[in-house]
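*Asks:* What follows is a predicted protein model with its sequence.
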Amino acid sequence: MELRELTTLGLGGPAGALVEARTDDEVVAAVRAADAAGEPLLVLGGGSNVVVADDGVPGTVLLVRTTGVSRDGDVVHVAAGEPWDAFLARCVEHGRAGIECLSGIPGSIGATPIQNVGAYGQEVAETIAGVRVWDRRAARIDELGPADCGFGYRTSSFKREPGRWVVLRVSFRLPHAELSGPIRYAELARELGVSVGAGAPLPAIRSAVLGLRAGKGMVLDPADPDTRSAGSFFTNPVLEADEFAALQARSADAPPGWPEPDGRVKTSAAWLIEHAGFHRGDGRPDGIAISTKHVLALTNRGQGSADELLALARRIATTVHDTFGVTLHPEPVFVNLPWPA
Ligand SMILES: Cc1cc2nc3c(=O)[nH]c(=O)nc-3n(C[C@H](O)[C@H](O)[C@H](O)COP(=O)(O)OP(=O)(O)OC[C@H]3O[C@@H](n4cnc5c(N)ncnc54)[C@H](O)[C@@H]3O)c2cc1C
C-alpha cells in the first residue's frame, strides 16, 4: 500500500511492510520483531503530522490502532490508537475540562505527546498525567511522568530522541467543570464574547474553536483541498531578546512579539512568510500550493509530490532567512526526506 493513502497530505510511496496493531501486545511484538531484524520502523497514527518521501520507506510501518478508555477518578487513560478529536468531544459532552481548546486537531491520542499538540492557548502537556511507553532502548514497558516527557513548545523528549519510545497509552487529568480555565487566546475570547482570562462553557469553546479552525482550513474536510495538509508547516520562532530587536530593525512593519517567561520572544511564522513576499494560494492549483486560507499551511491539491513540497518549504524558509535573518523550523516529521538540505 502507498503511504499517500495513510497521510493527510496524500503524499508518500510504498511501505516495506505494513503491520496494523490492535492491542498493546501486537504493538510491542511488531516493534520487537523490527528491532531484532535491525530493520527501520515508522510508527504511524493518523498520518497528519508527517511528510513521507515519494520513494516510501524501507522496513516496517506500524499502524497503531489500539482502542480503550478507562477512568480512575479525574484521570482518564486512553489507548494510543484512539482518535484524538472523538475522545475530546466525549470529554466536552461529559463536562471534563482541560483540552477543549484543542478541538478539531486530527490524529491519534498516542501522537499528542510527541509534539505536545497545542492550539488556541492550550497544550496537552497541561493535562497529561502520564504516558505508558515501550522503551526500545531498554526493551521494556515504562510509565513516564510529565517531568520525564520534557514538554516544551511543540516539542518533548519524544521529539528530541526520535524513535526511542512507542506510546501505548496516555493518561489525562481532566476534572469536572462547567466552565473552562481562563481563555488565553484573544481571537478565541473575541469569538466567545468574553474577556481574555475569563472562562466559558466547554461546548461553546468547542464550537467556537471548530468554527475558527474551519475558516483557516484547519479541520479535515475531504471537500476542502486547503485541509490536505499537515497543519501548520512551521513553528512560530522563539527568539532571544536581541534577535527580536534585530528583526524589528529589519522590518518596515512591526513584527508581532509575545514575551515568553524566560525573556525570549515568540514571533509569528505566518507574519514572516507573508512579509517575505509569499501569498495565500501561491503554487500549483492542482499540486503543491500554500493554502488559500492561511500561509502557514502547505497543501497537496491533488497531483503534488513530497519533493515538490520540500522544494516549496525550502524556498519559504530560505527567503524568510534572507529577508529577516530568522530560521524557520518545520513542525511535521520528515520521513526519509532531508531537511534542511
Ligand atoms: C488540518 C490539520 C490541522 C492541525 N492542527 C494542529 C494544531 O492545531 N496543533 C497541533 O499541535 N498540531 C496540529 N496538526 C498536526 C497533527 O494533527 C498533530 O501533530 C497530531 O497529534 C498528529 O497525530 P497523528 O496520529 O496523525 O500522528 P502521525 O502523523 O501519524 O505521526 C506524527 C509523529 O508522531 C509519531 N507517532 C505517532 N503515533 C505514535 C505512537 N503511538 N508512539 C510513538 N510515536 C508516535 C510518528 O512516528 C511521527 O513521528 C494539524 C494537522 C492537520 C492535518
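*Replies:* All right, it came through fine.
*Asks:* does any part of the longest helix seen in the chain sit near the ligand?
*Replies:* If you go by DSSP state H, the chain has its longest helix at helix 306-324. No. If you take Cβ under 6 Å from any ligand atom as the test, helix 306-324 misses the ligand, and the best it gets is 13.2 Å. All C-beta spots, glycine's among them, are computed from the backbone N, C-alpha and C.
*Asks:* Keeping just the C-alphas, turn that helix into PDB.
*Replies:* Below are the C-alpha coordinates for helix 306-324, written out as PDB (Å, rounded to 0.1, in the frame of the first residue of the first chain):
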ATOM      1  CA  ALA A 306       6.900  15.200  -1.500                       C
ATOM      2  CA  ASP A 307       9.900  16.500  -3.400                       C
ATOM      3  CA  GLU A 308       7.800  19.400  -4.700                       C
ATOM      4  CA  LEU A 309       6.500  20.100  -1.200                       C
ATOM      5  CA  LEU A 310      10.000  20.100   0.200                       C
ATOM      6  CA  ALA A 311      11.200  22.500  -2.500                       C
ATOM      7  CA  LEU A 312       8.400  25.000  -1.700                       C
ATOM      8  CA  ALA A 313       9.100  24.600   2.100                       C
ATOM      9  CA  ARG A 314      12.900  25.300   1.500                       C
ATOM     10  CA  ARG A 315      12.100  28.300  -0.700                       C
ATOM     11  CA  ILE A 316       9.900  29.800   2.000                       C
ATOM     12  CA  ALA A 317      12.500  29.100   4.800                       C
ATOM     13  CA  THR A 318      15.400  30.500   2.700                       C
ATOM     14  CA  THR A 319      13.500  33.600   1.600                       C
ATOM     15  CA  VAL A 320      12.400  34.300   5.300                       C
ATOM     16  CA  HIS A 321      16.000  33.800   6.400                       C
ATOM     17  CA  ASP A 322      17.400  36.100   3.700                       C
ATOM     18  CA  THR A 323      14.800  38.800   4.400                       C
ATOM     19  CA  PHE A 324      14.700  38.700   8.200                       C
END
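*Asks:* looking only at pLDDT, what's the mean for it?
*Replies:* For helix 306-324, the mean per-residue pLDDT is 97.
*Asks:* Next: stretch 70-84.
*Replies:* In the prediction, stretch 70-84 has an average pLDDT of 98.
*Asks:* Can you list the buried residues in that stretch?
*Replies:* For stretch 70-84, a neighbour-count test (16 or more other Cβ atoms under 10 Å) marks 76-82, 84 as buried.
*Asks:* about what we covered before: in the longest helix of the chain, what counts as buried?
*Replies:* For helix 306-324, a neighbour-count test (16+ other Cβ under 10 Å) marks 306, 308-310, 312-313, 316-317, 319-320, 324 as buried.
*Asks:* I'd like those written out as JSON lines, with distance to residue 245 added.
*Replies:* As requested, the buried residues of helix 306-324 are exported to JSON lines (distance: Cβ to Cβ, whole Å):
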{"residue": "306", "distance to residue 245": "37"}
{"residue": "308", "distance to residue 245": "37"}
{"residue": "309", "distance to residue 245": "34"}
{"residue": "310", "distance to residue 245": "32"}
{"residue": "312", "distance to residue 245": "30"}
{"residue": "313", "distance to residue 245": "27"}
{"residue": "316", "distance to residue 245": "24"}
{"residue": "317", "distance to residue 245": "22"}
{"residue": "319", "distance to residue 245": "22"}
{"residue": "320", "distance to residue 245": "18"}
{"residue": "324", "distance to residue 245": "13"}
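*Asks:* The residue of the stretch 151-300 of the chain found nearest the ligand: how many residues sit nearby?
*Replies:* At 2.4 Å from the ligand, residue 231 is the closest residue in the stretch 151-300 of the chain, using Cβ to the nearest ligand atom. The local packing of residue 231 (other Cβ atoms under 10 Å) involves 25 other residues.
*Asks:* my guess is it meets residue 220, correct?
*Replies:* No. Counting by Cβ atoms under 8 Å, residue 231 sits too far from residue 220 to count as a contact (9.8 Å).
*Asks:* which neighbours do the two share?
*Replies:* Listed as contacting both residue 231 and residue 220 by Cβ atoms under 8 Å, 6 or more residues apart in numbering are 48, 106.
*Asks:* where does residue 293 fall, phi/psi-wise?
*Replies:* With angles defined as degrees, to the nearest 10, residue 293 sits at phi -110, psi -20.
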